[in-house]
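J.: Build me a model:
(chains A, B and C)
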Amino acid sequence: MTFKVRTSVLDNSDGSAELTTSDVKLIVSITGPIEPKPRQELPNVASLEIVVRPAVGLSTTREKVLEDKLRGMLQAVIVRHLYPRQLIQIIVQIQATPLSKHQGGAYSNHRDEVEYSNVELNAAINGCYFALVDAGIALYSSFASTCISITKPHEINDNQEYIIQPTLDQLNNSSSHHIICFSIEDKKATKLLLIDSLGEFTEEELFTVISKGVEQTELLHENYQRKYISDKIHNDYIWKS
Amino acid sequence: MSIILPGDKFPVSRNHDESIDITLGPGLYKSVNSDTILPVQAGIFQSKPIKKQQQLYYIDSNSRRYIPQTNDYVIGTIVGVVGGESYKVSLQDFSSCVLLSMMAFPNATKKNRPNLQIGQIVYARVSNAGNEIETELECIDPTTGKDGGFGLLDESGYLFSITNLNFTRELLFNSESPVLQKLSTRCKFEIAIGINGKIWIKCGDGLVINKSDVDMDIDESSTNNKNSTTNISSKKDILVTLAAVKYLTACQHKSPDQIDTVLTQSFINI
Amino acid sequence: MTTELKQVSFPPEVLARIVPEVSLQRHLSIGLRPNLRNFLEFKPIEIASHANNITTTNDNVFGSSIVKSGNSTIVTTVTLGVVENTNSSTSTFNNNNNNNNNNNNNLTNDQFTSIYPVIDIQRGRSGAPSDEEMILSQNLYETILHSRLISKAALKINHCGLAIKETDINSDKDNIQIFYPDIHPQVFVNLPSSSSTLKKSYSFVIFCHVKVFSKISTIFDLCYSSIIDALHDLKLPRVYITDFSSTKISVKSRNSNTRGLVGVSKSSLNIDLNNELYYPLELSSEGGISCNFGAIKTVKNKQEDEDITMENEEVVELLADLEGEAEESTILSRISIIVDGNEKIKRLSLINGDINSEISLDILQRAIDVAKLRSRND
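T.: So this is what the prediction gives:
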């Protein structure tokens, strides 16, 4: 699994992160807390402005759904009471998606290809974590998200296959796919922040996926988040003797 | 260096000694409903005794957006007047503006007001900051009642921004920081450091604009001896100022052993 | 001089507008919701698909449904488009033409397609769709796509008819007859099979126009039921090619916005409005029932009999089918579940927008149980 992060990539924003996974690449930029427009202002908490831009073309209803889901999740982890009447602007620029990579970079909205926008949601959540930490926005906890797909057995005796970070082909053969995002407190996945599951699955499968999600998000936190953030802090304090 | 991430456990167990009061600094948050202390930012966990029986905990972390706190020293640009009583001051682009009362200057009275123009910059102290009220600045040293170095920063110096706010804090608070000490071996300078990421610096006599300079621009062929000497020294000061700016901006991304090389590189043409 | 401050009290309806969260908490503490339903009680839904005559009175509507819940009314009409299949898509049909529905496991997701929903929430103004409408449409599109409801094979036009003009010598009138290969095989025996128009294959595209009147609650569930019902009601017409005329027909090409001629040999594609030849759309799986829940933390006053002490206990309550301003603005932790009659979950979307009123695994389990029960009852 590739999972590469660079933080503070943009000079003019308050926090930014570039995330590269095996099939998605995106940049998240955070500006804030800044002065909001009057209509955005909320009396006792910070308002969030979330913009998702697609890899190619203008944003469509697809990006609106991604924004909506991101907002629902991020408003729970940002300590918004600390910044009343302020605005936090979060911009996610997607650079590459499974589909655009699959077609060798050339993008065409071919109707025979099924889009899996949740794969981008997964990457956007993980990218937002690093950007928010880079911007120094107060968070109740760390958080990490993972994508798991279930492939139904072709033979009756086979077991179902749970695939973590599935590729486009694996998604295409899957009977359901799930995005699981957990808050991470003291290196342990504690609270469910978001589940987004599509396809056809049983309750039992769902709970198996959730327990695998716990494992995966903890691994992600331990192996990548801690490493990249301590690298970032060392870099910020490089002048310190 | 102990690195802490949002959501990690507060590293100090609080039961062992109830008699010690805890003061929480930036990066730590105690929620209203529960008694637990949460780290909300990623950074280096610091713990310092401030008084007897009082312990300060905070997370040292870098950020690029300045959030005003009482007693911060800042550099602001005058952007307007509010209600004839206060100046509207911008501390950082896109942030909410703060207020600087016209009465918050030494010896200011209703009749004797400071005369500041839009675009001028001031060095000030945050006198009043909080989430629920508008932030206010003042240009008086509260202990003496005099200016104490606050007030208008004139146009002979150069204002520039440092993006990493943790570096400006280092420059202002750490008197042993080698960065400024090494700079002083190269030139004579006057500096005002605002922890909102703005630094005003003047090397030598800085940029001197006098009438003869303006005349010189109009008629370059005139070779008045006296004028050209002042002009040359002024030109040198400007070059030195720019070199110092280059040096300070570069230092935020360099380790202590690289400072000497950065200094030589920045001053290479002088 | 001191002035005495009087306690201000508001009637419940004013309080609900000023501080919806307080109003909601007060309702919940006496075990009722502002809409006077129980915590896990759903609002009744009335579905009238066959009782309406939208389909019979409008030639261009092929399926419809009216769903009512309280004051909200949702009207879905289904219209069709025809597109030419590309070479790559024809190969996906060939793979699974003979697969039956029970063997869905071997199929891949790209053998399924979705509908194109247009949600229109009527609120007395026109203009660009609101964010809410866009999010709803996209969610419905993705849900139906991934739940493998409509296979591409089901929408393929298999027996494209041919209209033949015969001039009657006696009356000097044109007589048009439409022949279909499966109904009139004898006509097609003599036809050259290499005819280019017959070699092309076409598919239907389903457009769902959903109009929402008097919206007072989250309407994903209602829209979903309405669309599923309209799809059950949907009857696909037959399509034929005229080889002789160049009449303009209302077939929209996918690649351009022009309406009009389709095909090279001046043949045009027509929809046969003879409703005796309509055939129902074959759905690959059950649609299921969509339910939504919200979770909110409440403080319960636990009164003990022996002592008079009041003990406050914080409980996260699960509320079904959110409705009304107080619930929609205050409850941010939500679940939306679609379960079908076989207890299979088709979609689950959980967002814990309020970290204090967290939906834990126990609550999720409870919500799934309720959703299953509801899908069984229906």
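J.: which residues does residue 82 contact?
T.: The chain I'm using is chain A. A:46, A:138, B:29, B:40, B:131 (Cβ atoms under 8 Å, 6 or more residues apart in numbering or on different chains). For every residue, glycine as well, the C-beta is placed using N, CA and C.
J.: that's the other chain; I wanted chain B
T.: Counting by Cβ under 8 Å, 6+ apart, B:Val82 has contacts B:88, B:99.
J.: And the pLDDT at it?
T.: Here the pLDDT value assigned to B:Val82 is 92.
J.: Stretch C:277-297 close to chain A?
T.: Yes - Stretch C:277-297 is in contact with chain A by Cβ under 8 Å from any Cβ of the partner chain, via C:Ser285.
J.: What's the end-to-end length of stretch B:181-195?
T.: Counting by Cα to Cα, to the nearest Å, you get 19 Å between the two ends of stretch B:181-195.
J.: Walking through chain A, point out its strands one by one.
T.: Ranges of strands within chain A are A:3-7, A:15-21, A:25-34, A:47-53, A:87-96, A:142-151, A:161-164, A:176-185, A:188-201, based on DSSP state E.
J.: Run me through the strand neighbours of the last one, direction for each.
T.: So that's strand A:188-201. When pairs are called by DSSP bridges, strand A:188-201 turns out to pair with strand A:176-185 (antiparallel), strand C:345-352 (antiparallel).
J.: in the first one, what's buried?
T.: Residues of strand A:176-185 classed as buried: A:176-185 (neighbour count, 16 or more other Cβ atoms under 10 Å in any protein chain shown).
J.: closest to chain B among those?
T.: Closest approach between the buried residues of strand A:176-185 and chain B, by Cβ to the nearest Cβ: A:Glu185, at 4.2 Å.
J.: Would you quantify the distance from that closest one to C:Val316?
T.: Distance of A:Glu185 to C:Val316, computed by Cβ to Cβ, to the nearest Å: 18 Å.
J.: next one: A:Asp186
T.: 22 Å.
J.: contacting residues for the residue in the stretch 51-200 of chain B positioned nearest to chain C?
T.: Closest contact between the stretch 51-200 of chain B and chain C, by Cβ to the nearest Cβ, is at B:Glu132 (18.4 Å). Shown in contact with B:Glu132 (Cβ under 8 Å, 6+ apart): A:Pro84.
J.: so how far is A:Asn44 from it?
T.: Counting by Cβ to Cβ, the gap from B:Glu132 to A:Asn44 is 9 Å.
J.: Equivalent analysis for C:Arg33, please.
T.: Distance from C:Arg33 to A:Asn44, by Cβ to Cβ: 25 Å.
J.: ok, these two, which is more surrounded?
T.: C:Arg33 (21 against 10; other Cβ atoms under 10 Å in any protein chain shown).
J.: Identify the residue nearest that one in space, chain neighbours excluded?
T.: C:His27 (5.8 Å; Cβ to Cβ, 6 or more residues apart in numbering or on different chains).
J.: in what helix or strand does the one you found lie?
T.: Element membership for C:His27 (DSSP states H and E) is helix C:20-29.
J.: For whichever residue of chain C sits closest to chain B, which three-state class applies?
T.: At 7.5 Å from chain B, C:Asn356 is the closest residue in chain C, using Cβ to the nearest Cβ. With DSSP: H, G, I helix; E, B strand; the rest coil as the basis, C:Asn356 sits in coil.
J.: which residues touch it?
T.: With Cβ under 8 Å, 6+ apart, C:Asn356 has these contacts: B:33, C:297.
J.: doesn't C:Phe188 fall inside a helix?
T.: Yes - assessed with three-state DSSP, C:Phe188 lies in a helix.
J.: For it, which non-adjacent residue is closest in space?
T.: Per Cβ to Cβ, 6+ apart, closest to C:Phe188 is C:Pro181, 4.9 Å.
J.: Tell me if I am right that that neighbour is in a strand.
T.: No - assignment of C:Pro181 by three-state DSSP gives coil, placing it outside any strand.
J.: who touches it in this structure?
T.: Here C:Pro181 is in contact with C:159-161, C:188 (Cβ under 8 Å, 6+ apart).
J.: Return the per-residue confidence for it.
T.: 82.
J.: Torsion angles phi and psi at it?
T.: When read as degrees, to the nearest 10, the backbone of C:Pro181 gives phi -60, psi -30.
J.: Go ahead and confirm B:Gly149 touches B:Ala124.
T.: No - in this structure, B:Gly149 is not within contact of B:Ala124 by Cβ atoms under 8 Å, at 10.3 Å.
J.: quick one, which of these two is more surrounded?
T.: In terms of neighbours (other Cβ under 10 Å), B:Ala124 is the more surrounded of B:Gly149 and B:Ala124; the figures are 28 against 11.
J.: Once you drop chain neighbours, what's closest to the more buried one?
T.: Nearest non-adjacent residue to B:Ala124 (Cβ to Cβ, 6+ apart): B:Leu137, at 4.0 Å.
J.: how many other residues sit next to the one you found?
T.: Neighbours around B:Leu137, by other Cβ under 10 Å: 26.
J.: List the beta-bridge partners for it.
T.: Assigned bridge partners for B:Leu137, using DSSP bridges, are B:Leu100, B:Val126.
J.: just for the chain, where's the confidence low?
T.: Since you didn't name a chain, this refers to chain A. Counting by pLDDT under 70, chain A contains low-confidence residues at A:101-113, A:154-158, A:241.
J.: look at chain C instead
T.: C:1, C:49-52, C:87-106, C:167-168, C:171-173, C:189-199, C:243-267, C:301-311, C:378.
J.: Now the residue nearest in space to the middle of it: phi and psi?
T.: Among the residues of chain C, the one closest to the centroid is C:Ile227, at 3.2 Å (Cα atoms, centre = their mean). Dihedral angles of C:Ile227 (phi, psi; degrees, to the nearest 10) stand at phi -70, psi -40.
J.: Pretty sure it sits against C:Val118.
T.: No - assessed by Cβ under 8 Å, C:Ile227 is found out of contact with C:Val118, at 11.1 Å.
J.: Rounded mean pLDDT for the host helix or strand of B:Ser234, please.
T.: Using DSSP H and E, B:Ser234 sits within helix B:225-251. For helix B:225-251, mean pLDDT is 80.
J.: Just the buried residues of the helix or strand just after that helix, please?
T.: Where DSSP H and E defines the elements, the next helix or strand beyond helix B:225-251 is helix B:259-266. Along helix B:259-266, these residues count as buried under the neighbour rule (16+ other Cβ under 10 Å): B:259, B:262-263, B:266.
J.: What of stretch C:179-188?
T.: C:179-181.
J.: CA atoms only for it - export them in CSV, please.
T.: Only the C-alpha atoms of stretch C:179-188 are listed here, as CSV (Å, rounded to 0.1, in the frame of the first residue of the first chain):
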residue,chain,number,x,y,z
PHE,C,179,-42.9,-5.8,-37.7
TYR,C,180,-40.9,-7.2,-34.9
PRO,C,181,-38.4,-10.1,-35.3
ASP,C,182,-39.8,-12.0,-32.4
ILE,C,183,-43.5,-11.5,-33.2
HIS,C,184,-43.3,-11.7,-37.0
PRO,C,185,-40.3,-13.9,-37.7
GLN,C,186,-41.7,-14.7,-41.2
VAL,C,187,-41.2,-11.1,-42.4
PHE,C,188,-37.6,-11.1,-41.4
